[in-house]
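Colleague: Pasted the sequence and its predicted model underneath.
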Amino acid sequence: MEMVSGSSEAGVRPAPSARAAGEARLARLASGLGLGDRSGVCVEAFGAMTGSWGTATAAQLAESDVSSDGSPMEFAIGLDDDPALQFAVEALRPGDCPVDRVVSARATMAGLVRRYGTDERRWAQVADLYLPEKPATEHVAMFGAEVRRQGDARFKVWFYPAVGGPERAAELCERGLAAVGLGAAWPAVTAHMARGERLDRPVMFSLDLSADPEARVKLYFRHYATDADGLAELMAPYPGFAAAPVRRFCETMLPEAATDLSAQPPVTCLSFTGARPAGAGGATVYLPMWIHAPDDEAVRRRMKAALAACDRSSGLYERALREVASRPLAAGRGIHNYVAWRPGPGRPRLKAYFSPELRHTDPTARYALEGRE
């Protein structure tokens with residue numbers, strides 16, 4: 001939790017800048033995950049994505065949508081055989097407003113192109129759709145990077161389709177897919193929103209910022225008024241998913257909420273690529289953890305059980321948790337943001353999403369019924 005700056009006479013150490021706090025946490029995470037000298041790659045990429053923050057502390061930046069407590073960054077750990085460290089940030093600057101965030105987002109992308117040669121073709125095809133001069137949402141864009149043991153950092157961006165107004169969110173998703181040559185995928189999207197946009201709400205549109213033919217376009221949905229059975233039914237059409245495993249995963253991670261997920265709706269994601277333009281190439285379930293558990297120690301126990309069910313060791317997860325946590329796990333909830341689950345081929349894949357808690361713990365009051373994807 002971030003300390004409020006105080007005078008040296010009071011013996012209170014000034015809070016570090018948000019960038020410095022993120023760089024320190026990333027370096028520890030990279031080391032804890034066995035990524036060795038890749039920590040430098042992580043820190044460099046993080047700096048490239050956070051130039052708009054300047055030297056501001058998290059408290060001096062507007063509340064972000066990246067982590068549930070309003071921190072402007074989130075860390076995610078892919079808990080598979082080739083561990084990946086992912087981090088996401090929001091393009092903010094001190095004292096900004098939604099219009100400023102449009103400017104910051106465009107400047108961040110331009111910086112990634114200059115420094116890394118990041119592919120901007122698909123960005124250019126949708127940027128005017130999702131970064132209008134007068135956005136109707138408070139948040140407009142988040143940037144992410146993923147680092148593995150080998151290879152360059154890989155970047156992505158998430159946009160908010162409600163930026164033109166909530167009533168136009170689905171329309172902007174359809175237009176976004178068409179703009180990047182994936183218009184044939186729209187029937188698959190509407191099938192995923194079978195209960196209508198109010199209950200199966202499209203909330204994020206993301207792009208892998210890569211020229212790779214397998215680069216993904218992903219649509220995220222929040223599902224209201226559902227439970228484990230409803231989620232199992234929704235996911236049944238996708239490869240690898242079956243009703244019983246989906247229900248078991250919900251019961252493992254959310255035992256007190258498996259029959260009622262209304263306190264914070266689950267999220268799903270559909271992935272599309274140019275190699276399969278008419279249908280989803282993959283689907284993922286995301287369960288929000290900060291509101292459905294009494295504390296982070298309870299989440300830790302559930303994560304260990306879920307990993308055991310997937311025949312995976314919990315060692316990687318435990319090391320990451322030690323590096324990201326800055327307080328006893330039983331002292332509150334909010335370190336765990338989401339857990340993502342995607343079945344086979346082979347063993348299911350799990351990813352844990354963590355908040356650095358730079359603003360506060362227990363974000364349930366702030367996110368009583370909403371929250372982010």
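Modeller: That came in fine, so what should we check first?
Colleague: Tell me who's in contact with residue 83.
Modeller: By C-beta atoms under 8 Å, 6 or more residues apart in numbering, the contact set of residue 83 is 33-35, 77, 148-149, 316. Backbone N, C-alpha and C define where each C-beta goes, glycine included.
Colleague: how does it look with 6 Å?
Modeller: 33, 316 (C-beta atoms under 6 Å, 6 or more residues apart in numbering).
Colleague: how far away is it from residue 146?
Modeller: As judged by C-beta to C-beta, to the nearest Å, residue 83 and residue 146 stand 11 Å apart.
Colleague: Residue 85 now?
Modeller: In terms of C-beta to C-beta, residue 85 sits 7 Å off from residue 146.
Colleague: The two: which is more packed in?
Modeller: Shown here are residue 85 and residue 146; by other C-beta atoms under 10 Å, residue 85 has more neighbours (25 against 19).
Colleague: The more buried one reaches residue 147, doesn't it?
Modeller: Yes - between residue 85 and residue 147 a contact is recorded at 5.1 Å, counting by C-beta atoms under 6 Å.
Colleague: What segments of this protein are helices?
Modeller: Remark: helices assigned in the chain by DSSP state H are 18-32, 39-49, 98-116, 121-130, 169-179, 186-192, 228-235, 243-253, 296-309, 315-324.
Colleague: export these to CSV and tack on mean pLDDT, mean neighbour count and distance to residue 139?
Modeller: Shown next, in CSV, are the helices of the chain (pLDDT from 0 to 100; neighbours: other C-beta atoms under 10 Å; distance: least, C-beta to C-beta, whole Å):
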stretch, mean pLDDT, mean neighbour count, distance to residue 139
helix 18-32, 92, 20, 16
helix 39-49, 94, 20, 15
helix 98-116, 95, 18, 7
helix 121-130, 96, 18, 11
helix 169-179, 97, 20, 13
helix 186-192, 96, 16, 22
helix 228-235, 94, 19, 25
helix 243-253, 93, 18, 26
helix 296-309, 96, 19, 25
helix 315-324, 94, 18, 23
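Colleague: Relative to residue 269, which of those is closest?
Modeller: Ranking the helices of the chain by proximity to residue 269 (C-beta to C-beta) places helix 186-192 first, at 9.9 Å.
Colleague: Pull out the C-alpha coordinates of the closest one and format them as CSV.
Modeller: Extracted in CSV, the C-alpha atoms of helix 186-192 (Å, rounded to 0.1, in the frame of the first residue of the first chain):
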residue,chain,number,x,y,z
TRP,A,186,-19.0,-11.1,-36.2
PRO,A,187,-21.5,-14.0,-36.2
ALA,A,188,-19.3,-15.8,-33.7
VAL,A,189,-19.4,-12.7,-31.5
THR,A,190,-23.2,-12.3,-31.6
ALA,A,191,-23.6,-16.0,-30.7
HIS,A,192,-21.4,-15.3,-27.6
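Colleague: what's it in contact with?
Modeller: Outside helix 186-192, the residues that touch it by C-beta under 6 Å, 6+ apart are 174, 177, 279-280.
Colleague: rerun that using 7 Å as the cut-off
Modeller: 173-174, 177, 200, 219, 221, 270, 279-280 (C-beta atoms under 7 Å, 6 or more residues apart in numbering).
Colleague: out of the residues you listed, who's nearest residue 42?
Modeller: Comparing the contacts of helix 186-192 against residue 42 with C-beta to C-beta picks out residue 219 as the nearest, at 27.3 Å.
Colleague: beta partners for the residue nearest to that closest one when sequence neighbours are not counted?
Modeller: Of all residues beyond its chain neighbours, the one nearest residue 219 is residue 270 (5.2 Å), with distances taken as C-beta to C-beta, 6 or more residues apart in numbering. Assessed by DSSP bridges, residue 270 has beta-bridge partners residue 219, residue 283.
Colleague: Based on its surroundings, how many neighbours for residue 270?
Modeller: By other C-beta under 10 Å, 23 other residues sit near residue 270.
Colleague: For it, give its distance to residue 104.
Modeller: Separation of residue 270 from residue 104 (C-beta to C-beta): 28 Å.
Colleague: before we move on, what about residue 82?
Modeller: 33 Å.
Colleague: Need the pLDDT of the spatially closest residue to residue 291 that is not a sequence neighbour.
Modeller: Spatially, and ignoring its direct neighbours in sequence, residue 291 is nearest to residue 264 (4.2 Å; C-beta to C-beta, 6+ apart). Predicted confidence (pLDDT) for residue 264: 88.
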